[in-house]
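Visitor: How does the following fold in three dimensions:
(chains A and B, ligands or ions: 2)
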Amino acid sequence: MEAALQERQDSIHRTGEAPFAMECNKDSLAGAVSQRACVFCGSRVVLYPIADALHLVHGPIGCAVYTWDIRGALSSGPELHRLSFSTDMQETDVIFGGEKKLYNALVELIDRHAPKAAFVYSTCIVGIIGDDMAAVCRRVSEEKGIPVLPVQSEGFKGNKRAGYAAACNAMRQLVGMGDISGISKYSINILGDFNLAGEIWLIREYFTRMGVEVVANITGDGRVGDIQRAHGAALNVVQCSGSTMDLAKMMKEDYGIPSLRVSYFGIEDMAESLYAVAAFFKDEEMMRRTQELVKEELSLIMPEIMKYRQALAGKRAAIYVGGAFKAFSLVKAFRTIGMQVVMVGSQTGTPEDYEELAAITDPGTIIVDDSNPLELSAFLQEKDVDIFVGGVKERPIAYKLGVAFCDHNHERKEMLAGFSGMLNFAREVYGSVMSPVWKFVPRKSGEEMSHENHERTRNL
Amino acid sequence: MGKILPNYVSTTNACKLCKPLGASLAFRGVEGAVPFLHGSQGCATYMRRYIISHFNEPIDIASSSLGEKNAVYGGGANLKLGLKNVTEKYHPALIGIATTCLTETIGDDVKRLLFEYRREFMQDGGPLLVQVSTPSYSGTHMEGFHAAVRALVEQLTVESEANSTVNILPGFLSAADLRSLKEIVVDCGLTATVLPDFSETLDGPALRDYPLIPKGGTKISDIRAMSGAKATVEFGHTLPDQLSAGSHLEKTYNVDLHRLGMPVGIRETDRFFEMLSGLSGNPMPEKYAMARGRLVDSLVDGHKYIFGKRAIVYGEEDLVIGLTSFLAEIGVQPVLCASGGTSGGFVKAIEKAVEGFGLEIPRIHEGMDFFEIGELAAELKPDFFLGHSKGYTLARGLGIPLIRVGFPIHDRMGGQRLLHIGYHGAQQLFDLIANTMIAVKQDTSEVGYSYM
Ligand code: SF4
Ligand code: SF4
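Guide: Ligands and ions are numbered 1, 2, ... in the order given. Now for the predicted structure:
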């Protein structure tokens, strides 16, 4: 296709056209306007919802200020995570080193906020000037008596995935520090849910109804103390495999805790996830309670969903999200409401992820890794898409072309997980696709603003 | 009065952005231009996201996407590959290249790299390359913005015949402001080169095709000819000489420079119109005389609702100066004027803006963050905040309204359509402020009057 650079052709696949092969998980191509962020972004995404920890960004101001309270991760208590702390490095710090400033900033902020732990994120230039962050963190930890953990998240050292790993490394140091007496044998940690719009509260409620104790939320509505006790849980239930799977692996190594991959998006995946947890505990009563729960929840949402399904049947959807795992669930969720996915891509999928995507989508579906606005807009047009699912950076691409949009990223304010989340999702898709405004956009009204017209409005 | 602020080491909730963001916005205001950041991918993506949330428009900012090896051995190869790819895909007329903290720290010599690139890849032509150095560890997005404008003029403008245009260097205004500015100039019978002009590139119509580069922006040929203009009007009391494109044009080409404040409120707008009258030889057009008249009339109608109200104003220095000047004119007491910028000229300009209105001198602080603003706010008991979206949490905490102006507006529609400048802008601001105060009174009243 014309919109893609030659070097990008191997990262775009059409199902059914050729044997599956996909270039992915590599650095973004220079000049291609990737939708990806950086290592630091990956670390922030994972650790940020820990609400009673201090999150200090060691670097110049931009990296911190662009990530200030941008996500919808809610807390039921402290809200330290919603503040943006930075060492705001100045020229002298760059020349003479930023360690002293980092030390002073940490001491100042810990005294001011009394956090349960502190995470210190390194940004690109810290990696270059070579501040010994670990040493500063150790020193402050000793002086202040709380864990102070360096997160090695220099932006250029890979992509978001590397950031996830750095975040998991930091959390690994917390796990094992707490007292685990009194934890039920039916207990889990929830990994990879970030409590966007309060989702983890809903998921926790399901588990409570099943008779399962949740030890730690990792990291939605997360608390340092809970994570320190996380090794007391019998099972790690991991969503969004990309971001916290590393921690699950580490906990398997360190404490022998097994893990399950789940997804809370869409009816099928949600129900399957709960069943899988119940099956793990091999408790018939629990399985019965789970079946009841699923039945009850479905009866609450299905009548309304069927209404939307009727209206949306046959419409086409495109998906571009951060992690591929979410894309699997979305493909199924769209089927539930009668829609067909014609394009699906992610920023950080692996070859296995894409293979699975190719397997579950219809022939002719476009599958793409680390895409950019030019490609995405070309796909939307080629497939005459009715709705695009993505994040804030994808939204204007859809809107400019007069295509409906659903935000399914970390910044959303709508609860989309769980059974009631599926209903919200259907409502949101319906609300955008069925809006009358599309009648007026050039794509549907059949008129393109002519050049003269355009010239005229310019001079208005 | 009040306690002296301690000198904090850390920054909490900054009231500034980083330099390449400002440079990207400025480059986006040139016709056919693509902004390009030389650094790692994250910076460009974060800035795009930040800008998109305000304008609700696509903004493609390319990046040289440096990886670990480049960070160690230099980013030259990636810079060149990136430029090549952008040229191939976007067919730009110009690529505006801004450095980032990373490439400044590793010491990439962009000038030399571009020289090489031109020799290696541009034998048969290609886009113009304009480069600006924007390390964020000194200065804010405003310094980045001005530096990019200056770089455009330094690197594009050439000796040209004297002509009758006027150069207008407006600084960072909204898209609506820029449209209004262009209209004013035309109505005054002048032709102007407004640099930059993203009124269309960041606020365009719905389209059938995704624009590689949206239409609009300052024409490159016009930038080239700025040397022949009969005058330059540059907004900004705090703009330092070395970042002023106007002073470059004056020094290099003898184009008269008129430095004005941002035309916010009555007096600054009056000055702007006087300037335009002087340049055109025509009196202020009837349309604007009427707008001014209506504005004054409305100030009279509404003055009681806002007299003596206490305001905290924050944001970019020059915008805050303009807003403060307007607040003084309408009888609002600014109690704190704050900015994350540190130009050095802020305090004096604010003092001057409130002079002669019987007001107390407000607390004036450069280099402030929202933690410090919050500390002072608790003590100063303001009636409202005037500034961009990022003060919302503070306003909410104090239970007082935030009146949204400037950039970014991330929690309301239409930030790009906010009008701040001219009599029309002052009218909108006044109605907004007065209505907000009326609403507070109405909402907190036990009676709930349904008329004023
Ligand atoms: S590294 Fe510098 S340029 Fe990049 S986001 Fe941070 S402050 Fe801005
Ligand atoms: S400087 Fe590095 S860490 Fe900061 S935003 Fe840019 S890429 Fe990410």
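
Visitor: Pull the contacting residues for the closest residue to B:Leu17 other than its chain neighbours.
Guide: Leaving aside its sequence neighbours, B:Leu17 sits nearest to B:His141 (Cβ to Cβ, 6 or more residues apart in numbering or on different chains; 3.9 Å). (Each C-beta comes from the backbone N, C-alpha and C, glycine too.) Neighbour list for B:His141: B:16-19, B:21-22, B:25, B:172, B:316 [criterion: Cβ atoms under 8 Å, 6 or more residues apart in numbering or on different chains].

Visitor: Now do the same contact list for residue 439.
Guide: Just so you know, I chose chain A. Counted by Cβ under 8 Å, 6+ apart, A:Lys439 has contacts A:Ser445.

Visitor: um, chain B though
Guide: Residues in contact with B:Ala439 (Cβ under 8 Å, 6+ apart) are B:Pro401.

Visitor: C-alpha coordinates for the host helix or strand of it, CSV please?
Guide: If you go by DSSP states H and E, B:Ala439 is part of helix B:422-444. Provided in CSV are the C-alpha atoms of helix B:422-444 (Å, rounded to 0.1, in the frame of the first residue of the first chain):
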residue,chain,number,x,y,z
GLY,B,422,-8.8,42.4,20.5
TYR,B,423,-12.0,44.1,21.6
HIS,B,424,-13.9,41.0,20.6
GLY,B,425,-11.7,38.8,22.7
ALA,B,426,-12.0,41.2,25.7
GLN,B,427,-15.8,41.0,25.2
GLN,B,428,-15.8,37.3,25.4
LEU,B,429,-13.5,37.3,28.4
PHE,B,430,-15.6,39.8,30.2
ASP,B,431,-18.8,38.0,29.6
LEU,B,432,-17.2,34.8,30.8
ILE,B,433,-15.8,36.3,34.0
ALA,B,434,-19.0,38.2,34.8
ASN,B,435,-21.2,35.3,34.1
THR,B,436,-19.0,33.0,36.2
MET,B,437,-19.3,35.3,39.2
ILE,B,438,-23.0,35.7,38.7
ALA,B,439,-23.4,31.9,38.5
VAL,B,440,-21.5,31.5,41.8
LYS,B,441,-23.8,34.0,43.5
GLN,B,442,-26.9,32.4,42.0
ASP,B,443,-25.8,28.8,42.8
THR,B,444,-24.9,29.6,46.4
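
Visitor: What residues sit buried inside that helix?
Guide: Buried residues in helix B:422-444, counted by 16 or more other Cβ atoms under 10 Å in any protein chain shown: B:422-430, B:433-437, B:440.

Visitor: contacting residues around B:Ala353?
Guide: By Cβ under 8 Å, 6+ apart, B:Ala353 lies in contact with B:261, B:321, B:324-325, B:328.

Visitor: let's see 6 Å
Guide: B:Ala353 makes contact with B:321, B:324-325, according to Cβ atoms under 6 Å, 6 or more residues apart in numbering or on different chains.

Visitor: Show the pLDDT at the residue lying closest to it once chain neighbours are set aside.
Guide: Nearest residue to B:Ala353 in three dimensions, chain neighbours excluded: B:Ser325, at 3.8 Å (Cβ to Cβ, 6+ apart). At B:Ser325, the model reports a pLDDT of 98.

Visitor: hang on, the earlier thing: possible to save the contacts of B:His141 as a markdown table with pLDDT, distance to ligand 2 and secondary structure?
Guide: Converted to a markdown table, the contacts of B:His141 look like this (pLDDT from 0 to 100; distance: Cβ to the nearest ligand atom, whole Å; DSSP: H, G, I helix; E, B strand; the rest coil):
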| residue | pLDDT | distance to ligand 2 | secondary structure |
| --- | --- | --- | --- |
| B:Lys16 | 97 | 16 | coil |
| B:Leu17 | 97 | 12 | coil |
| B:Cys18 | 96 | 9 | coil |
| B:Lys19 | 97 | 12 | helix |
| B:Leu21 | 98 | 11 | helix |
| B:Gly22 | 98 | 16 | helix |
| B:Leu25 | 98 | 17 | helix |
| B:Phe172 | 98 | 22 | coil |
| B:Glu316 | 98 | 22 | coil |
